[in-house]
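*Asks:* when you get a sec, could you give me coordinates for this:
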Amino acid sequence: MAIPSFRLDGKTVVVTGVGPGIGAHVAAGYAEAGANLVLCARRPQGIGELAERLAGEGAKALAVVADVSRPEELNHLVKAAEDSFGSIDVVFNNAHANPAWSAQEGLEHGLARGELPDKGALDYSAEDWQATFDVNVLAPYRLAQAVVPGMTERGGGVIINVLSAAAFQPALPVVAYGTTKAALHMLTRYLAKACAPAVRVNAICPASISPDGGVWEAFKAHIPKIPLGRVGIADELVGAALFLATDASSFCTGQVIFCDGGRVATVS
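*Replies:* All right, here's what the predicted structure looks like:
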């Protein structure tokens with residue numbers, strides 16, 4: 001029996017929410033596996049340099065600035081990818097929003113500043129909820145609407161959604177984030193059924209991941225809740241991301257791979 005391939009040679013992968021953490025590390029893993037990369041972020045800082053670095057290592061990489069919560073910018077992302085590479089074979093939905101801090105740039109930024117969320121469960125405005133839902137749920141859904149018909153016509157494709165342990169267990173008071181990530185989990189299951197057999201839809205569920213394994217001061221009290229006793233490193237998600245993107249997972253759809261140090265499985 002042939003060993004399943006973990007290669008992506010000639011495949012085009014769109015990675016949204018590319019920053020210094022999970023998105024950039026997974027993109028680099030895909031590039032090493034032979035993929036053409038389309039790197040998307042709301043701001044140009046970082047993605048241009050990453051595209052240049054990957055190109056210098058022999059990959060084909062395109063940087064696209066787009067806010068995936070805006071339909072017109074999401075359409076621009078899809079068109080740019082198709083114009084450059086002809087098709088989209090894999091989507092890695094990593095873009096996320098989290099308004100748990102009054103002036104926030106996401107979960108990682110708040111914790112990196114050494115701050116716990118300053119919004120309680122009942123402090124979220126309708127605007128907070130809508131902005132979070134637009135990025136965490138509607139954007140992956142709209143992207144699926146845009147790419148699944150082409151994937152189906154070509155005989156196959158893969159969508160990978162990035163969840164969060166907060167979707168399964170209330171931890172930090174990140175109510176809108178956790179709730180919308182739970183919705184993304186259910187969307188993953190619905191799309192897996194609706195898009196089969198041509199398109200496989202799965203998810204990765206990280207928790208407590210930092211680019212280099214460094215521990216945010218605000219998070220130190222939560223380390224004892226993680227059975228492996230530490231935060232994760234962004235590189236530790238690359239294997240799962242490769243597995244789900246490649247033919248190695250050809251009989252997997254509607255599944256979640258937990259890369260969370262055992263937190264969801266063992267903490268009540």
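
*Asks:* I figured Ala80 hits Val38, correct?
*Replies:* Yes - here Ala80 lies in contact with Val38, judged by CB atoms under 8 Å, at a distance of 7.0 Å. To be clear about C-beta, it is placed using only N, CA and C from the backbone, and glycine gets the same treatment.

*Asks:* which residues are in contact with both of the two?
*Replies:* The contact sets of Ala80 and Val38 overlap at Leu62, Val64 (CB atoms under 8 Å, 6 or more residues apart in numbering).

*Asks:* low-confidence stretches in this protein?
*Replies:* Across the chain, residues meeting the criterion (pLDDT under 70) sit at 1, 102-115, 216-218, 268.

*Asks:* picking up where we left off before, looking at Ala80 and Val38, which has the bigger crowd around it?
*Replies:* Comparing Ala80 with Val38 by neighbour count (other CB atoms under 10 Å), the higher total belongs to Val38, at 29 against 18.

*Asks:* for that one, give me its contacts.
*Replies:* The contact partners of Val38, taken as CB under 8 Å, 6+ apart, are 12-15, 61-62, 64, 77, 80-81, 84-85, 88.

*Asks:* you'd agree it is in a strand?
*Replies:* Yes - according to DSSP: H, G, I helix; E, B strand; the rest coil, the state of Val38 is that of a strand.

*Asks:* please report the distance of it from Val18.
*Replies:* Counting by CB to CB, to the nearest Å, the gap between Val38 and Val18 amounts to 10 Å.

*Asks:* with Ala121 instead?
*Replies:* When CB to CB is applied, the distance between Ala121 and Val18 equals 31 Å.

*Asks:* what about those two, which has more around it?
*Replies:* Neighbours per residue, other CB under 10 Å: of Ala121 and Val18, the larger number sits with Val18, 27 against 10.

*Asks:* hmm, Cys40 and that one touching each other?
*Replies:* Yes - between Val18 and Cys40 there is a contact under CB under 8 Å: 6.2 Å.

*Asks:* give the residues shared as contacts by those two.
*Replies:* Here Val18 and Cys40 have Ile47 as joint contacts, going by CB under 8 Å, 6+ apart.

*Asks:* how are the helices of the stretch 51-200 of the chain distributed by residue range?
*Replies:* Remark: helices of the stretch 51-200 of the chain, listed N- to C-terminal, are 71-85, 107-112, 126-133, 139-154, 175-195; assignment by DSSP state H, counting those that start in this stretch.

*Asks:* which helices and strands does the longest one pack with?
*Replies:* Identification of packing neighbours for helix 175-195 by 3 or more CB pairs under 8 Å, 6 or more residues apart in numbering; DSSP states H and E yields helix 126-133, helix 139-154, strand 157-162, strand 199-206.

*Asks:* then that helix to CSV, C-alphas only?
*Replies:* Coordinates of each C-alpha in helix 175-195 appear next as CSV, following Å, rounded to 0.1, in the frame of the first residue of the first chain:
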residue,chain,number,x,y,z
VAL,A,175,-18.1,35.6,24.8
ALA,A,176,-18.5,36.9,21.3
TYR,A,177,-15.4,35.2,20.1
GLY,A,178,-16.1,31.8,21.7
THR,A,179,-19.7,31.8,20.6
THR,A,180,-18.9,32.6,17.0
LYS,A,181,-16.2,30.0,16.9
ALA,A,182,-18.8,27.5,18.1
ALA,A,183,-21.0,28.6,15.2
LEU,A,184,-18.0,28.1,12.9
HIS,A,185,-17.7,24.5,14.2
MET,A,186,-21.3,23.8,13.3
LEU,A,187,-20.8,25.5,9.9
THR,A,188,-17.9,23.2,9.3
ARG,A,189,-20.1,20.2,9.9
TYR,A,190,-22.9,21.5,7.7
LEU,A,191,-20.6,22.3,4.8
ALA,A,192,-18.8,19.0,5.1
LYS,A,193,-22.2,17.3,4.4
ALA,A,194,-23.3,19.8,1.8
CYS,A,195,-20.1,19.9,-0.2
